[in-house]
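In: Sequence and predicted model, in that order:
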Amino acid sequence: MKPVRKAVLPVAGLGTRIQPAAKTTPKNLLNVYDRPILAHVVAEGRAAGIEHFVFIVGRGQGAIEDYFDHAVELESGLEAKGKTAILEDVRSDLLGPGQMSFVRQMAPLGLGHAVWCARDLIGDEPFAVMLPDMLMNANPGALAQAIAAHEAVGGNIVVVEPAPPGEAHKYGIVALGETAPGFDGRLQTMTGMVEKPAPGTEPSNLFISGRYILQPGIFEALGEHAKGAGGEIQLTDAMLKRLRAEPFFALEYQGTTYDCGDKLGLLRANVAWALADPAGEADVRAALGALLGA
């Protein structure tokens, strides 16, 4: 079984739900505590063993490429002033030569189309998809958990989590079959997916979150360019087609997800990451207490 070495990150979205914050800054470069959202997602991928990141970008997103490259003037200035700690922190997010590729999507035709754009760079091997809107706070990381499941059972792995009570009808919900051994019962075969099922008809309470391990056969289904919900090429539609040809598993990961494409979700993520910093937790709690009048 080939290892998962590459990850596709669809970053071409306009950030409609958080405008005007993303009017001049790509939404995935908005900060969560001490660095951009995208830097946290890439760090999760690196920790899981990803060697090559394929960013699917749109017009006006050159800043994403620049972020993961050297900033010569900034680094030289920090070095000249002896600010070594800050310099090391700035350089810690850099990706090495040959570890990143950028593919222009050209038009916002859906998540499935964005993933399809990476087909030539992925080739004939399993790969990860990481939705950069979704920050997933976990130890080990959500992608590392998915890769561990893939190493155990192969096939395709879809990371899922419980929907809030009474809200399953708002999400893409998975239908489940047998429980796979290990993983404390959190890994189950998938028999289907239902997008926003009518209340009371949900096949489970688990919705598709923001991490996937997919086999390259998905590109065959995506290559049909069939339009689904919203007139877009949907990844879930292609996954449903591949369900007939290869196994899919749903992994209920252990962690907390923050939807950073939503204003409140972005705020929650900032607070969560700030509180997780051992060096600044006390100051953060004091600042929050002062703001809330506690």
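Out: Arrived safely. Numbers count the residues shown, from 1 in each chain.
In: pLDDT score for the closest residue to Gly155 other than its chain neighbours?
Out: For Gly155, ignoring the flanking residues on the chain, the nearest one in space by Cβ to Cβ, 6 or more residues apart in numbering is Pro247 at 3.6 Å. The way it works is simple: take the backbone N, C-alpha and C, and place the C-beta from them, glycine included. As predicted, Pro247 sits at a pLDDT of 96.
In: ok, Pro247 - how many residues close by?
Out: A total of 16 residues lie near Pro247 under the criterion other Cβ atoms under 10 Å.
In: Check Val32 too.
Out: Look at Val32: counted by other Cβ under 10 Å, it has 23 neighbours.
In: residues touching it, list them.
Out: When contacts are counted by Cβ atoms under 8 Å, 6 or more residues apart in numbering, Val32 touches His40, Leu135, Cys260, Leu266, Ala269, Asn270, Trp273.
In: Rebuild those residues as JSON lines, extending it with secondary structure, distance to Ile64 and pLDDT.
Out: JSON lines is the format used below for the contacts of Val32 (DSSP: H, G, I helix; E, B strand; the rest coil; distance: Cβ to Cβ, whole Å; pLDDT from 0 to 100):
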{"residue": "His40", "secondary structure": "helix", "distance to Ile64": "14", "pLDDT": "97"}
{"residue": "Leu135", "secondary structure": "strand", "distance to Ile64": "16", "pLDDT": "96"}
{"residue": "Cys260", "secondary structure": "coil", "distance to Ile64": "15", "pLDDT": "92"}
{"residue": "Leu266", "secondary structure": "helix", "distance to Ile64": "17", "pLDDT": "94"}
{"residue": "Ala269", "secondary structure": "helix", "distance to Ile64": "19", "pLDDT": "96"}
{"residue": "Asn270", "secondary structure": "helix", "distance to Ile64": "20", "pLDDT": "95"}
{"residue": "Trp273", "secondary structure": "helix", "distance to Ile64": "20", "pLDDT": "95"}
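In: Pull the most distant pair out of these.
Out: With distance counted by Cβ to Cβ, no two of those lie farther apart than His40 and Leu266, which are 11.9 Å apart.
In: any idea how far the closest residue to Val159 other than its chain neighbours is from Met106?
Out: Take Val159 and drop its neighbours on the chain: the residue closest to it by Cβ to Cβ, 6+ apart is Arg211, 4.1 Å away. Using Cβ to Cβ, to the nearest Å, one gets 25 Å for the distance from Arg211 to Met106.
In: Give me the more crowded residue out of these two.
Out: Arg211 (31 against 11).
In: Let me see the ranges of the strands in the stretch 51-200 of the chain.
Out: 52-57, 100-104, 127-130, 134-137, 156-162, 172-179, 187-195 (DSSP state E, counting those that start in this stretch).
In: For the third one, list every residue counted as buried.
Out: Of the residues in strand 127-130, those buried under the neighbour-count criterion (16 or more other Cβ atoms under 10 Å) are Phe127, Ala128, Val129, Met130.
In: Repeat that for the fourth one.
Out: Residues of strand 134-137 classed as buried by neighbour count (16+ other Cβ under 10 Å): Met134, Leu135, Met136, Asn137.
In: Correct me if wrong: the last one contacts Gln254.
Out: No: taking contact to mean Cβ atoms under 8 Å, the distance of 10.5 Å between Asn137 and Gln254 leaves them out of contact.
In: could I get the buried residues of strand 134-137 as JSON lines with distance to Asp283?
Out: As requested, these are exported to JSON lines (distance: Cβ to Cβ, whole Å):
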{"residue": "Met134", "distance to Asp283": "28"}
{"residue": "Leu135", "distance to Asp283": "22"}
{"residue": "Met136", "distance to Asp283": "25"}
{"residue": "Asn137", "distance to Asp283": "20"}
